[in-house]
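Peer 1: Quick one, structure for this:
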Amino acid sequence: MKLTFLNTLSMRIFALFWLAFVLLLALIFLLPYFDARIYTELGNEEVSGYYGEISTAIRNKQLAHIISGVPVIPVDKFDGIHPVLADQNGNILGARKEEIAPIQQFMYHTSTTLKPLKKNFYDIQIAGPFTVHLNLENDVPYMLYFVSRVNPQKEILSYIFDRPYILILFIMLISTPLLWWLSRSIGRPLRHLQQAANAVALGNFKVDKSLETQGTIELRQVGQSFNRMTIALEDLLSNQQTLLSSISHELRTPLTRLQLALALLRRRVNSSAEIARIEKEAVRLDEMINDLLLLSRQQLNSHILREIFPITEIWHDIIKDSRFEAEQKKLSFKVKQLIHKPSQYYLNGNKGLICSAIENILRNALKYTHSKIEATIFVEDNSMVIAIDDNGAGIPTSEYENIFKPFYRIDEARTRETGGTGLGLAIVANVIREHQGKVWAASSHLGGLRVVIKLPLWISE
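Peer 2: Numbering: from 1, shown residues only. The predicted structure follows:
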């Protein structure tokens, strides 16, 4: 992977932060220059130009005409600059009607200024004040202002400048695309990584090479490390399960020889308690190897063949068979199906494995109960729950978690009496975990043991 400094996550965040900061700073400093309505000082060249206009107005007696009340040129005939006078009492002379209000506002804001200013009022620009002495009888100075027509500022700009919250929205409009692009460039690869992690959790160890090509350098490196971890996990599980399977297969050879030797021995001598005991233990060993091979095959097959099917297909045949077996043993078998319209609920998984797990628990209940079994089926938290209770002797509370461990047996004497290899519930737990479900043991209200299976329902998006 070629390391590009500008494509690192830290550099991208740093660069975009400062880019947004500089743009906002530039906006703050430049916006006042686009607002022609603010009061700004006249430059030296502008002041010189206006003094030239004053000299021309005095020479042409334009100011004297204003004081004497000569009518002002109509607006539609006026394109250039014209002077306006204001006496010490604030009376405005030589102004048109529509110019009086802007001039009064300008006079109010420039009454204490030392330098002449200018400001735009829509399509009117006012500059001043300039002090002039017209050498009249009282020699009272007048304040002189120049009024000119300018292109009106765009209404949208005036609207924005008059409303600060519009500026805030404008700033957000500038920064939002940058931040959205940044969050997308980070979030999209992370979501992709999350999907890959969920796939691994479901037993899919397929390497996704796109994790190493999308996003920033850091995220690509994380994707590369994740793929290496996925490969290592697959190799570890495969080696472990292959070893377990190989050991189980290798055990069959001496076991077969032992069974043949027992058969020959039984022909030569009469059956004895010792030979019967050896045969019984050989049968148990054979069952244990079969269960071990079954567990190994289930764990090795990470990519479980799944289908979507109604939940009713899970318990229909199993309960029918269990009820028949209970009747043969003269046991009470009660089923509480508490799901309203169960046909509208579905599961996504391997139906055969799930049925086998439930059947395993029911057979345990049939084996250890005294007289009564109860199966309760209901929906809770978008999951199907099957609880199986019996009124047997039960087990100590401290053993509730241990019974799901491989080869774990609570009572060796009871194991010899009822059979079993200690792998049945371990296989059940493995199947349920493969389907993202839960299985646990608890005390039953019937007095014995309760085993609960909880499987997530399939919800169509």
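Peer 1: From the rest of the structure, what touches the host helix or strand of residue 56?
Peer 2: Assigned by DSSP states H and E, residue 56 falls within helix 44-59. Residues from elsewhere that reach helix 44-59, judged by C-beta atoms under 8 Å, 6 or more residues apart in numbering: 42, 62-63, 81, 83, 116, 118, 127, 130, 132, 134, 144, 146. (Each C-beta comes from the backbone N, C-alpha and C, glycine too.)
Peer 1: filter these to the buried ones?
Peer 2: 42, 62, 63, 83, 116, 118, 127, 130, 132, 134, 144, 146 (16 or more other C-beta atoms under 10 Å).
Peer 1: how about the residues you listed in a markdown table, adding secondary structure and pLDDT?
Peer 2: Converted to a markdown table, the buried ones among the contacts of helix 44-59 look like this (DSSP: H, G, I helix; E, B strand; the rest coil; pLDDT from 0 to 100):
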| residue | secondary structure | pLDDT |
| --- | --- | --- |
| 42 | coil | 83 |
| 62 | helix | 83 |
| 63 | helix | 81 |
| 83 | strand | 89 |
| 116 | coil | 88 |
| 118 | strand | 85 |
| 127 | strand | 88 |
| 130 | strand | 88 |
| 132 | strand | 84 |
| 134 | coil | 74 |
| 144 | strand | 89 |
| 146 | strand | 90 |
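Peer 1: Among those, which one lies nearest to residue 343?
Peer 2: For these, the minimum distance to residue 343 (C-beta to C-beta) is 83.6 Å, reached by residue 118.
Peer 1: Pick the one among the buried ones among the contacts of helix 44-59 closest to residue 280.
Peer 2: For these, the nearest to residue 280 is residue 118 (113.4 Å; C-beta to C-beta).
Peer 1: which residues sit in contact with the closest one?
Peer 2: Residue 118 touches 39, 40, 42, 46, 125, 126, 127, 128, counting by C-beta under 8 Å, 6+ apart.
Peer 1: now with 10 Å?
Peer 2: For residue 118, the contacting residues are 36, 38-43, 46, 50, 106, 110, 125-128, 145-146, 148, by C-beta atoms under 10 Å, 6 or more residues apart in numbering.
Peer 1: same check, this time on residue 205
Peer 2: Contacts of residue 205 (C-beta under 10 Å, 6+ apart): 199, 230, 231, 232, 233, 234, 235, 237, 238, 302, 303.
Peer 1: For residue 125, give its distance to residue 307.
Peer 2: 81 Å (C-beta to C-beta, to the nearest Å).
Peer 1: Please disregard the earlier target; I meant residue 140.
Peer 2: 104 Å.
Peer 1: again with residue 350
Peer 2: Counting by C-beta to C-beta, the gap from residue 350 to residue 307 is 8 Å.
Peer 1: out of the buried ones among the contacts of helix 44-59, who's nearest residue 15?
Peer 2: The closest of those to residue 15 turns out to be residue 118 (C-beta to C-beta; 41.0 Å).
Peer 1: Give the bridge partners for that closest one, please.
Peer 2: Using DSSP bridges, the bridge partners assigned to residue 118 are residue 40, residue 127.
Peer 1: Done for today, thanks.
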